[in-house]
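Asks: Structure for the following, please:
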Amino acid sequence: MNFPSTSDQICSKYVANYIPTSEAVFKEMGFRLPFSPFQVGLFQWLELCPSQLHPNSYPFIKAFKLVCQYLHVSPSKDLFFSIFFVRWETNIKGGLKWVSFRQNERLFDAFELGTADGFKEWFFLMRPRTKIALSNMLKTIEKPHARGGVAFTRIPCFNFFWYMDHFEYKPKLYKCKYTRLSSREKLDHD
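Replies: Presented below is the predicted three-dimensional model:
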């Protein structure tokens with residue numbers, strides 16, 4: 001773990017695979033590393049850095065995963081987005097700022113972050129260091145070497161910094177209609 005300087009913001013770009021992370025996600029919501037394959041898949045699909053997701057949305061991910069585990073259902077992004085939808089939150093000037101989840105029908109009570117005014121200032125930088133964290137957050141790819149042979153390099157499994165390409169798509173792109181679910185997911189949904 002590393003600490004940002006007082007002039008840094010959670011949306012700043014950091015080097016050396018540091019990921020800005022809201023303290024509230026870990027302290028108040030009990031998230032732990034490594035992220036599950038399901039969580040990594042959500043960040044990949046949404047093209048987001050984990051800190052771009054509003055902290056109040058993390059409990060929905062956790063509740064969904066726990067319900068799936070209890071019901072012996074495999075969590076999938078399609079099943080998740082058949083229950084939840086993406087909503088964008090803007091700042092005072094009207095610029096896009098956060099991504100959050102909302103429910104189509106109320107299945108879970110919403111968690112309201114107790115320190116909503118201060119969560120933006122309380123963040124830290126994390127960097128994968130152990131083998132488990134490295135394999136969870138970085139994938140190894142082969143690249144042809146200029147002199148022949150193959151070189152191996154590690155790239156992030158999801159964005160490590162705030163990435164604005166997510167906002168090029170309309171939020172409805174991330175919605176999964178019931179009819180698009182696989183037969184197994186339809187059974188799990190019902």
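
Asks: Please, where are all the helices along this protein?
Replies: Assigned by DSSP state H, the helices in the chain fall at 23-27, 37-46, 58-70, 77-83, 131-137, 183-189.

Asks: Lowest average confidence across the ones you listed, which one?
Replies: With a mean of 76, helix 183-189 has the lowest mean pLDDT of these.

Asks: Dump that one to PDB, keeping only the CA atoms.
Replies: Taking C-alpha atoms only, helix 183-189 is exported to PDB below (Å, rounded to 0.1, in the frame of the first residue of the first chain):
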ATOM      1  CA  SER A 183     -31.100 -20.800 -20.300                       C
ATOM      2  CA  ARG A 184     -29.100 -21.500 -17.200                       C
ATOM      3  CA  GLU A 185     -29.100 -17.800 -16.200                       C
ATOM      4  CA  LYS A 186     -32.800 -17.600 -16.800                       C
ATOM      5  CA  LEU A 187     -33.300 -20.500 -14.400                       C
ATOM      6  CA  ASP A 188     -31.000 -18.700 -11.900                       C
ATOM      7  CA  HIS A 189     -32.900 -15.500 -12.400                       C
END
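
Asks: pLDDT score for the residue lying farthest from the centre of the chain?
Replies: Outermost residue of the chain with respect to the C-alpha centroid, by CA atoms, centre = their mean, is residue 147; its distance is 38.0 Å. Each residue has a pLDDT score; the one for residue 147 is 77.

Asks: Next, the contact list for residue 178, please.
Replies: Taking CB atoms under 8 Å, 6 or more residues apart in numbering, we find residue 178 in contact with 82, 186, 189. All C-beta atoms are positioned from the backbone trio N, CA, C, and that covers glycine.
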